[in-house]
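K.L.:
Sequence below, structure please.
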Amino acid sequence: MIEIVNHHLASIPSDGLQVTWDFLHKGGKFMIPLAITSVAGMMAILYKFLSLSGNRVIPKTLAREVMRFQEHVNFDKTEPVLKEIQKGESTLARLAAVVIKHRGKPRSEITHAVESAAREETLHLHAGIAVLDTVITIAPLLGLLGTASGLVLIFQGLGDNSDHLAIARGIAEALTTTIFGLAIAVPCVVAHGYFVRRIEMLTARLEGLLGDLAAVCEKPTPNA
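P.N.:
Numbering: from 1, shown residues only. Purely as a prediction, here's the structure:
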């Protein structure tokens, strides 16, 4: 009995792979670019999850120290914070380094310098979003193109002696590319919305932290 169960469990992965292969094979040649599009979408989603993680953008520890920078200045304990900022291991650290570099200058000069640096950092935050935009656009189109191509071939073969059951089966197979295209696009749309919203939240958080830091650094501090 145990051997039968083990044999059944072992056959599940191979059966799943066979079903997946049969599904892809039914779609015809247009399944190849769709598969490539699917891989590109998954890689973009994985990349954005990693690149927008808290430690890469706004580490909690560094954010807390930036918020307390005035306190560190008052007690002449800025050295540890400055060392962490100079490492530049996160978006906050790199932008904070710009503020520190212009410490003692007018607020307008500090703001201008930070805005210039922030443009490049914003491009980094949005890296990969363009890939998701492209996948969302072309995946359904490739699916429709594959379906249209399959239907053309089916209708070209119609005749008085046509097998209507075979025609119906052929139409179902032609629709496979549309299903696959939509299956690719839907999770990419959801991920795109999530990432855009997260970038907006991170950007607003950065603006607040850097604004507070600039307020402390806009004039010379003898103890710093």
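
K.L.:
quick one, what contacts S51?
P.N.:
124-125, 127-128 (CB atoms under 8 Å, 6 or more residues apart in numbering). Every residue, glycine included, has its C-beta placed from N, CA and C.

K.L.:
isn't P59 right next to S90, touching?
P.N.:
Yes - contact criterion CB atoms under 8 Å: P59 and S90 qualify, at 5.3 Å.

K.L.:
tell me the contacts of the residue positioned nearest the centre of the chain?
P.N.:
Central residue of the chain (CA atoms, centre = their mean): K48, 3.1 Å from the mean position. Going by CB under 8 Å, 6+ apart, K48 touches 128-129, 132, 191, 195.

K.L.:
ok, 7 Å please
P.N.:
Neighbouring residues of K48 by CB atoms under 7 Å, 6 or more residues apart in numbering: 128, 195.

K.L.:
Kindly provide the distance from it to A130.
P.N.:
11 Å (CB to CB, to the nearest Å).

K.L.:
shaky segments in this structure?
P.N.:
Residues of the chain meeting the criterion pLDDT under 70: 1-28, 157-166, 168-169, 219-224.

K.L.:
Do me a favour and get the backbone dihedrals for D133.
P.N.:
phi -60, psi -40 (degrees, to the nearest 10).

K.L.:
Please apply the same query to K105.
P.N.:
Torsion angles, degrees, to the nearest 10, at K105: phi -90, psi 170.

K.L.:
sorry, back to before: got the buried residues for the helix or strand containing the residue nearest to the centre of the chain?
P.N.:
Per DSSP states H and E, K48 falls inside helix 31-51. Judged by neighbour count (16 or more other CB atoms under 10 Å), helix 31-51 contains these buried residues: 31, 33-34, 37-38, 40-41, 44-45, 48, 51.

K.L.:
try stretch 124-133
P.N.:
Buried, per 16+ other CB under 10 Å, within stretch 124-133: 125, 128-129, 131-132.

K.L.:
Quick check: helices, which of the residues you listed are part of them?
P.N.:
Judged by DSSP state H, helices contain the following of those: 125, 129, 131-132.

K.L.:
can you tell me which of these lies nearest to E115?
P.N.:
L125 (14.8 Å; CB to CB).

K.L.:
I'd guessed H102 sits against E109; true?
P.N.:
Yes - proximity of H102 to E109 meets the contact threshold set by CB atoms under 7 Å, at 6.0 Å.

K.L.:
So the two - more neighbours on which side?
P.N.:
H102 (19 against 13; other CB atoms under 10 Å).

K.L.:
Nearest spatial neighbour of the more buried one, chain-adjacent residues omitted?
P.N.:
I110 (4.7 Å; CB to CB, 6 or more residues apart in numbering).
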